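1. fold the following, please.
(2 chains)
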Amino acid sequence: MIAINKKYSDPRDISGCGLVGFINRDGRCVDGSHIIKSLCLMKERGNGLGAGFAAYGIYPDMAGYYALHLMMDYADVKPNAERVIFKFFTVHREEEIPTRSNPYIKNPPLFWRYFVEPRKEQLLVEEGDDDLVVRAVMEINNNVSGACVISSGKNMGSFKGVGEPADIADFFMIENYRAYIWMGHTRFPTNTPGWWGGAHPFTILDWAIVHNGEITSYGTNRAFLEMYGYKCTLLTDTEVVAYALDFLLRKHKIPLRAAFYALASPFWKDIDIESSENREFAEALKAIRIQYAPLLLNGPFAILFGWKNGLVGFNDRIKLRPLFAGEKDETLYMASEEATIREICEKPDRLWMPRAGEPVIGMIKEGVENWR
Amino acid sequence: MEIDAASVHYRDLNEEINRVIKEGVKHIVLRNVNGQRYIGAGLQGADIKIDIYGVPGNDMAVFMDGPAIEVFDNAQDGVGNTMNAGNIYIHGHAGDVCGYGMRGGKLFVLGDVGYRVGIHMKAYMGKIPILVVGGTAGHFLGEYMAGGIIILLGLERRPGQPIAGDYLGTGMHGGTIFVRGEVDNRRVGKEVGIEKPDDAEYEILKREISEFARIFHINGDEILSAPFVKLYPKTHRPYGPMYNSRWNWQRGG
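-> The predicted structure follows:
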């Protein structure tokens, strides 16, 4: 064997985004080193203009409170954002999100986190806590110049910015967090700006999305969601997917699979074929397609979608972006490339290429509560 | 010669491969490969063999012109992209867009392949690319195929798993796709005709499948004992009339 001189440390190649995520279905928490290691293997899929992580289970001692991660252009913005936060919430703890200076992270924004409880007197008629959080996040993102909430779920958080995966991980000290679901993304912005808010994941409540591709139906999706109070302010197409899933799963409470059949509906020709085999199912598919037509996602995409109980990967209907899955014991992995999974999973039990439009679903096992 | 590729960046690895080949090394064994892209890119020399242990990254053997690469694991997307000559043997599965624009040589995959495999393969005189897939294929196999041969075997399928996805051979205007067993008519592009292979074509199948079986140590006779269908382009210019009418040209062939 010969040793190799490692000369290329900072190459830039043209490529597409890279994504990776895994879920420990038994609720076991692991530190951030695994997701960093796997994501960094796909460095070439991004170009240094965005990377980020989502992690579930990271705030066990504050698990009962919504954790708001606030990103601010500069410190003067803070009182303006806090006016909204204090109006809607009782703040139980607040602190600067720990960061480490990294030579490649230039002019980072300020990151602060608040563990909050909705103030009941702020609830509108028929509004629940979750609705209030969504309303507060929309108000900050839309009305407070220079501030946005990049994460607002319980016992989870999103960390993202402009940089290579290794540098963003280093900046946020991702290795110090312990989670039972991890998601990572490296970005190659194509038609929207490479700015801190535009890095993935995109989140609302504890729904988090990482995405490779383009949502060409963004305008239609956005127009529909705005009627329901969702304001798209982060200048990136992926944002609509987070709001669409919040709308379908939380507001309309439709079953998980049905939500993915709304976003990536089977083609009419396939529904017709299904009709001859399983008429009832075909009718349901038809109804979903018609009812939620404005939420149909067009364009090429591979998406990972996480929430406190699970992780789902899904593709556009003709698989225009790569997605790969693997499984070992209680852990389900999904990524843009097989090597990304193999990097952190020795001797997997199963490795497969998911079919287009067929979601891969990993759920926390029933009865598992120790991740709280 | 053995090279340990563990945690080595793809550019370092490929530079090293090129360097040792320049020094006259003919057989290279790569250990601990994981995700390194472009292995064997543009490599020339029919007497060169590379054995890969681990999962090579995207675009393996892109533009390759002569060497043989054997992968004893799975491969990712874009294997043999626009390759000109040489042999690639993959003992596991391979990802999307394998054999894209292939213009010569052989690509054998024992397992399944992903979407858009063998799209726009082409042939010229004696150069006929051959792609053999032991498992199943995703949508768009042989899309816009202009030449060459694809053989799809569909071995070891799960019950109900189709041998090929939709849009099989869509836009095909040259070359031949052989499928072992039956193909569902609705999955096949409108430009494609389906019939039984003739004797000469069975000879080709026999030759390629025997070689495929020898390389992967499986039973070739058993594979050949099942019937095959042949998919061929009905016309060499499937979209010709569309453009002709748009530009008010006379209808061509």
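2. which parts of the stretch 151-253 of chain B sit against chain A?
-> Proximity of the stretch 151-253 of chain B to chain A (C-beta under 8 Å from any C-beta of the partner chain) is limited to residues B:Gly165, B:Arg186. Heads up, the C-betas are built off the backbone N, CA and C, glycines and all.
3. most proximal residue of the stretch 151-253 of chain B with respect to chain A?
-> Shortest the stretch 151-253 of chain B-to-chain A distance, computed as C-beta to the nearest C-beta: residue-wise this is B:Arg186, at 7.1 Å.
4. pull the contacting residues for that residue.
-> By C-beta atoms under 8 Å, 6 or more residues apart in numbering or on different chains, the contact list for B:Arg186 reads A:Lys269, A:Ile273, B:Asp166.
5. could you measure from the last one over to A:Arg355?
-> Spelled out, it's B:Asp166. 11 Å (C-beta to C-beta, to the nearest Å).
6. hmm, B:Phe178 is touching B:Leu152, no?
-> Yes - using C-beta atoms under 8 Å, B:Phe178 is in contact with B:Leu152, at 7.0 Å.
7. more neighbours, those two?
-> When neighbours are counted by other C-beta atoms under 10 Å in any protein chain shown, B:Phe178 and B:Leu152 differ, and B:Leu152 comes out ahead with 28 against 22.
8. who does that one bridge with?
-> B:Val133, B:Val179 (DSSP bridges).
9. confirm that B:Ile149 sits in a strand.
-> Yes - under DSSP: H, G, I helix; E, B strand; the rest coil, B:Ile149 sits within a strand.
10. I'd like to know how many residues surround it.
-> B:Ile149, neighbours per other C-beta under 10 Å, totals 23.
11. helices of the chain, start to end?
-> In the absence of a named chain, chain A is used. Using DSSP state H, the helices found in chain A span residues A:33-40, A:78-88, A:129-143, A:165-172, A:218-226, A:239-245, A:256-263, A:268-277, A:279-291, A:338-342.
12. nope, chain B please
-> Listed in chain order (using DSSP H), the helices of chain B are B:10-22, B:199-216, B:220-224, B:240-246.
13. residue of the stretch 201-350 of chain A nearest chain B, please.
-> Here the residue of the stretch 201-350 of chain A nearest chain B is A:Ala339; by C-beta to the nearest C-beta that distance is 2.9 Å.
14. what separation do you get for that residue and A:Trp268?
-> A:Ala339 sits 37 Å away from A:Trp268, taking C-beta to C-beta as the criterion.
15. what do you get for A:Asn47?
-> Taken as C-beta to C-beta, the span from A:Asn47 to A:Trp268 is 38 Å.
16. who has more neighbours, A:Ala339 and A:Trp268?
-> More crowded of A:Ala339 and A:Trp268, by other C-beta under 10 Å: A:Ala339, with 24 against 11.
17. ok, the more buried one - contacts?
-> A:Leu41, B:Asn34, B:Gly35, B:Val55, B:Gly57, B:Gln76.
18. before we move on, back to that, got the helices of chain A as CSV, with mean pLDDT and distance to B:Tyr115 columns?
-> Listed next are these as CSV, based on pLDDT from 0 to 100; distance: least, C-beta to C-beta, whole Å:
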stretch, mean pLDDT, distance to B:Tyr115
helix A:33-40, 98, 23
helix A:78-88, 97, 45
helix A:129-143, 96, 36
helix A:165-172, 98, 26
helix A:218-226, 95, 24
helix A:239-245, 94, 22
helix A:256-263, 94, 18
helix A:268-277, 91, 16
helix A:279-291, 95, 22
helix A:338-342, 98, 15
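19. all good on my end, thank you.
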